[in-house]
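1. one predicted model, sequence on top.
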Amino acid sequence: MVLLEKNIDFALIEIDLEEKPDWFKKISPYGKVPVLKHDSNIIIESSIINEYLEEVFPKKPLLPLEPAKRALARRWIDFSNVRLIPYIYKLMLAQNIEAQNFNAKKLTQALLMMEHDGLGLTSSGPYWLGEEMGLVDLSFLPHLQRICVLEHYRDFYMPEECVLLNAWLQLMSLRPSVNAVSSEKSELIKNWSKYAFNTSTGTTADDMRDY
């Protein structure tokens, strides 16, 4: 989505994470996606890739220009990485009710904080930091799109009071960059079954799994 928003030409190669090709293992030491190859540079981890693209392709900036607002954006991107994403995976991977309830509670707390302290306080417009869509929006979106998977496998729903968050999701769904790369709900549910039944052999599942 960042590449599309910045109008950067690219070629997309999809990887089967259950049967990673040898050439991919050589360039991704953790065996994770995404990986960006730009000239002779190999960049890994989503947040780092996004910042790299922001610096190397400054046209149409997705981070604020003011240092304080840029710091605020990075704070919410860190929140996504630390407080949101792990509990989506952990709730999916948890096989007993006690662990599911614990992770559902943690995820609910994160979503409510995003609603009230995020969109409710920091935004003066429809997007995360105002009138223009930015890197914070793109960092959160792919993971919140997976709420439908949690609904299907874990009976977990977006809290009713997350009115701003739901409106933001609807707004983001209208963007061409989002539509170009988003999976259908049925495809997400199918692809995430390996997490729901804790059969994934991927690196991310292994990192998030509670033994």
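-> Structure's in. What do you need?

2. when you work out contacts or count neighbours from here on, use the C-alpha atoms and nothing else.
-> Will do.

3. number of nearby residues for T199?
-> 11 (other C-alpha atoms under 10 Å).

4. before we move on, what about E131?
-> 11.

5. quick one: pLDDT of the spatially closest residue to it that is not a sequence neighbour?
-> Distance criterion C-alpha to C-alpha, 6 or more residues apart in numbering; nearest residue to E131, sequence neighbours excluded, is G125 at 4.5 Å. Note on G125: pLDDT of 86.

6. tell me which helix or strand the nearest residue to I85 once chain neighbours are set aside sits in.
-> Leaving aside its chain neighbours, I85 sits nearest to H143 (6.7 Å; criterion: C-alpha to C-alpha, 6+ apart). Secondary structure from DSSP states H and E places H143 in helix 135-144.

7. next: W23.
-> Assigned by DSSP H and E, W23 belongs to helix 22-27.

8. pLDDT (mean, whole number) over whichever helix in the chain runs longest?
-> Longest helix of the chain, by residue count under DSSP state H: helix 97-113. For helix 97-113, mean pLDDT is 97.

9. what's around the residue nearest to I85, how many residues?
-> 14.

10. what number of residues lie near P61?
-> 16.

11. distance check, it against L91.
-> In this structure, P61 lies at 34 Å from L91, with C-alpha to C-alpha, to the nearest Å as the measure.

12. over to L150?
-> 8 Å.

13. rewinding a little: name the helices or strands packed onto the helix holding W23?
-> Using 3 or more C-alpha pairs under 8 Å, 6 or more residues apart in numbering; DSSP states H and E, no helix or strand is in contact with helix 22-27.

14. how does it look with 10 Å?
-> strand 35-38, strand 41-44 (3 or more C-alpha pairs under 10 Å, 6 or more residues apart in numbering; DSSP states H and E).

15. can I get the helix or strand bottoming out on mean pLDDT in the chain in PDB? Just the C-alpha atoms.
-> Every helix and strand of the chain was ranked by mean pLDDT, DSSP states H and E. The lowest is helix 203-208, at a mean of 86. What follows is helix 203-208, C-alpha atoms only, in PDB (Å, rounded to 0.1, in the frame of the first residue of the first chain):
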ATOM      1  CA  THR A 203       8.400 -17.800  12.000                       C
ATOM      2  CA  THR A 204       5.800 -15.300  13.200                       C
ATOM      3  CA  ALA A 205       3.600 -18.000  14.700                       C
ATOM      4  CA  ASP A 206       6.600 -19.500  16.400                       C
ATOM      5  CA  ASP A 207       7.500 -16.000  17.800                       C
ATOM      6  CA  MET A 208       4.000 -15.400  19.100                       C
END
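
16. returning to what we had before: what about the helix holding W23, distance to the chain center?
-> 24 Å (C-alpha atoms, centre = their mean, to the nearest Å).

17. stretch 14-26 now?
-> 21 Å.

18. do me a favour and get the end-to-end distance for that stretch?
-> Stretch 14-26 has an end-to-end distance of 16 Å (criterion: C-alpha to C-alpha).

19. remind me which residues of this protein are low pLDDT?
-> 211 (pLDDT under 70).

20. how about the helices in it?
-> 2-5, 22-27, 46-56, 67-79, 85-93, 97-113, 135-144, 147-154, 163-172, 176-181, 185-191, 193-196, 203-208.

21. alpha carbons of the longest one, as CSV, please.
-> It stands for helix 97-113. C-alpha atoms of helix 97-113 as CSV (Å, rounded to 0.1, in the frame of the first residue of the first chain):
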residue,chain,number,x,y,z
ILE,A,97,-10.4,-20.7,26.7
GLU,A,98,-8.4,-19.2,29.5
ALA,A,99,-5.6,-18.0,27.2
GLN,A,100,-8.2,-16.9,24.6
ASN,A,101,-10.0,-14.8,27.2
PHE,A,102,-6.7,-13.2,28.4
ASN,A,103,-5.6,-12.2,24.9
ALA,A,104,-9.1,-11.0,24.0
LYS,A,105,-9.0,-8.7,27.0
LYS,A,106,-5.6,-7.4,26.0
LEU,A,107,-6.7,-6.8,22.4
THR,A,108,-9.9,-5.1,23.5
GLN,A,109,-7.9,-2.7,25.7
ALA,A,110,-5.7,-1.9,22.7
LEU,A,111,-8.6,-1.2,20.5
LEU,A,112,-10.3,1.1,23.1
MET,A,113,-7.0,3.0,23.5
